[in-house]
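# starting from these lines, generate the structure:
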Amino acid sequence: MYRLVQRTIIALWVILILQSVSVAADVRQTADIKLPNPTGTHAVGTFSVLLVDESRDEPATAEADARKLAIQVWYPAKLNAGPTPERAPYFSNLEAYESTWGNQRVQLLQRIKTNSYLRVECADADHPFPVILFSHGWQSTRFLYSSMLEDLASHGFIVVGIDHPYMGSVLIGGKVTPSREDQFATPEQLLEHYAADVSFVIDELARFNTTHAQLAQRIDLERVGAMGHSNGFLPVMAAAQADNRIKAALVHDKFENELAFLFQSNIPLLLFKTESAETPSQSFFDQSTADLYFLELAAKHSSCSDPSILESNSDAAARKSLELIKRYTARYFTRYLGNAANDSIEIDEADRDRVRIKAAEN
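Sure thing, here's the model as predicted:
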């Protein structure tokens with residue numbers, strides 16, 4: 001079902017972008033690197049937690065291990081008067097990635113300053129906040145998308161970055177997991193496995209909604225969306241077909257017409273093409289039973305990630321691409337999960353030299 005050579009080529013964005021990041025280190029050896037400011041009205045809080053699904057075994061290990069998922073939650077926050085709260089680190093244990101990415105690149109990532117705060121209250125609102133679940137690409141991890149995810153939180157979403165061990169380079173138990181698929185006997189097993197990851201996280205959010213210090217009674221599980229980058233489409237679309245709690249889906253730069261059946265859904269779907277996705281056939285649009293959007297942006301496969309904006313030779317272009325991705329990602333989820341159901345997701349006039357959209361609204 002999935003051609004190894006394609007998957008490997010697509011996965012190289014992590015390696016190649018992080019290699020180019022080391023060039024930037026030569027000219028910014030001590031300076032902090034701040035992620036772009038969020039574009040929404042809310043401050044952003046964040047926390048990370050390890051979830052253990054005792055009902056499932058980890059198929060990638062020989063020993064009988066329960067499936068473990070590391071997640072990071074970004075949420076609309078309230079900053080009270082008084083001392084500025086502690087700013088969240090980019091990742092609390094980047095040293096563990098030195099054997100994977102190298103010392104120089106890790107040192108650069110350690111200088112990244114986020115826009116999120118630790119242990120802050122959730123923002124006040126007349127209603128709980130909708131949820132967006134995010135799945136990373138092959139050989140990647142959730143924190144490499146921090147700018148996009150904290151930006152969504154600033155627009156009034158509770159955003160959950162899910163680290164999928166053995167699909168990504170995920171730190172579990174002090175070790176970074178290798179990416180592999182040979183633990184699955186069939187494609188169906190793979191899809192069921194990753195769909196279960198997403199559904200388990202939604203289950204845990206229901207628990208957070210009653211007991212969590214910051215998020216109790218603030219999570220709206222009637223308005224849940226799912227989003228994935230590259231091979232992160234597998235958890236997203238498999239879960240969207242299996243779990244009716246998901247009300248809208250978005251896929252960044254992963255579509256193949258021969259795999260179109262995996263994208264069939266009775267919920268709204270936005271396919272965001274930059275560099276690697278194919279253009280859907282007209283029959284795919286004609287057969288859609290829910291609102292379907294195909295948005296094409298002149299950008300790179302990595303443009304929704306943080307490493308893309310750290311390249312020394314293309315900061316301005318890369319930051320503009322990430323800005324556009326954030327804009328239309330937030331606009332789409334506001335349309336289908338937010339409190340502005342009539343909002344348009346048409347392309348702004350000023351962006352039409354970079355962005356095109358095709359829609360089938362049902």
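# which element is the closest residue to residue 219 other than its chain neighbours on?
Take residue 219 and drop its neighbours on the chain: the residue closest to it by C-beta to C-beta, 6 or more residues apart in numbering is residue 209, 4.3 Å away. Heads up, the C-betas are built off the backbone N, CA and C, glycines and all. Take DSSP states H and E as the rule and residue 209 turns out to sit in helix 187-211.
# can you pull out the residues in contact with that helix?
With contact meaning C-beta atoms under 8 Å, 6 or more residues apart in numbering, helix 187-211 is reached by 1-2, 51, 53, 56, 59, 67, 69, 71, 128, 131, 133, 135, 158, 160, 162, 164, 167, 181, 184, 215-219, 221, 224, 226, 234-236, 238-239, 241-243, 245-246, 262.
# tell me which helix or strand comes right after that helix.
Helix 187-211 is succeeded, C-terminally, by strand 219-229 (DSSP H and E).
# now that next one against helix 187-211, angle please.
Orientation of strand 219-229 against helix 187-211 (axes from the mean of the first three to the mean of the last three C-alpha atoms, to 10 degrees) gives an angle of 150 degrees.
# list the buried residues of strand 219-229.
219-221, 223-229 (16 or more other C-beta atoms under 10 Å).
# CA-only coordinates of that strand in CSV, if you can.
C-alpha atoms of strand 219-229 as CSV (Å, rounded to 0.1, in the frame of the first residue of the first chain):
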residue,chain,number,x,y,z
ILE,A,219,-12.7,21.1,26.7
ASP,A,220,-15.5,20.8,24.1
LEU,A,221,-15.5,17.2,23.0
GLU,A,222,-18.4,17.9,20.7
ARG,A,223,-16.1,20.0,18.5
VAL,A,224,-13.0,17.9,17.7
GLY,A,225,-10.8,18.2,14.6
ALA,A,226,-7.8,16.3,13.5
MET,A,227,-4.8,17.4,11.4
GLY,A,228,-1.7,15.6,10.1
HIS,A,229,1.4,16.4,8.2
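# which helices and strands does it pack with?
strand 129-135, helix 187-211, helix 233-242, strand 246-252, helix 315-337 (3 or more C-beta pairs under 8 Å, 6 or more residues apart in numbering; DSSP states H and E).
# quick check: pLDDT value at residue 27.
pLDDT for residue 27: 44.
# repeat for residue 282
So residue 282 comes in at 93 (pLDDT).
# quick one: the helix holding residue 209 to helix 233-242, angle?
70 degrees.
# what sits against the closest residue to residue 65 other than its chain neighbours?
Distance criterion C-beta to C-beta, 6+ apart; nearest residue to residue 65, sequence neighbours excluded, is residue 58 at 4.2 Å. Counting by C-beta under 8 Å, 6+ apart, residue 58 makes contact with 65-68, 165-166.
# in a strand, that's where residue 356 is, yeah?
Yes: counting by DSSP: H, G, I helix; E, B strand; the rest coil, one finds residue 356 located in a strand.
# I'd say it and residue 328 touch.
No: the pair residue 356 / residue 328 is not scored as a contact, 11.2 Å apart, by C-beta atoms under 8 Å.
# quickly list what's touching both of the two.
Both residue 356 and residue 328 are in contact with 295, 347, where contact means C-beta under 8 Å, 6+ apart.
# more neighbours, the two?
Using other C-beta atoms under 10 Å as the criterion, residue 356 and residue 328 rank with residue 328 on top: 22 against 14.
# surely that one touches residue 345?
Yes: if you go by C-beta under 8 Å, residue 328 and residue 345 touch, sitting 6.7 Å apart.
# overlap of the contact sets of the two?
Joint contacts of residue 328 and residue 345 (C-beta under 8 Å, 6+ apart) are residue 270.
# could you flag which of the contacts of helix 187-211 are buried?
Here, 16+ other C-beta under 10 Å leaves 51, 53, 67, 69, 71, 128, 131, 133, 135, 158, 160, 162, 164, 167, 181, 184, 215, 218-219, 221, 224, 226, 234-236, 238-239, 241, 243, 245-246, 262 buried among these.
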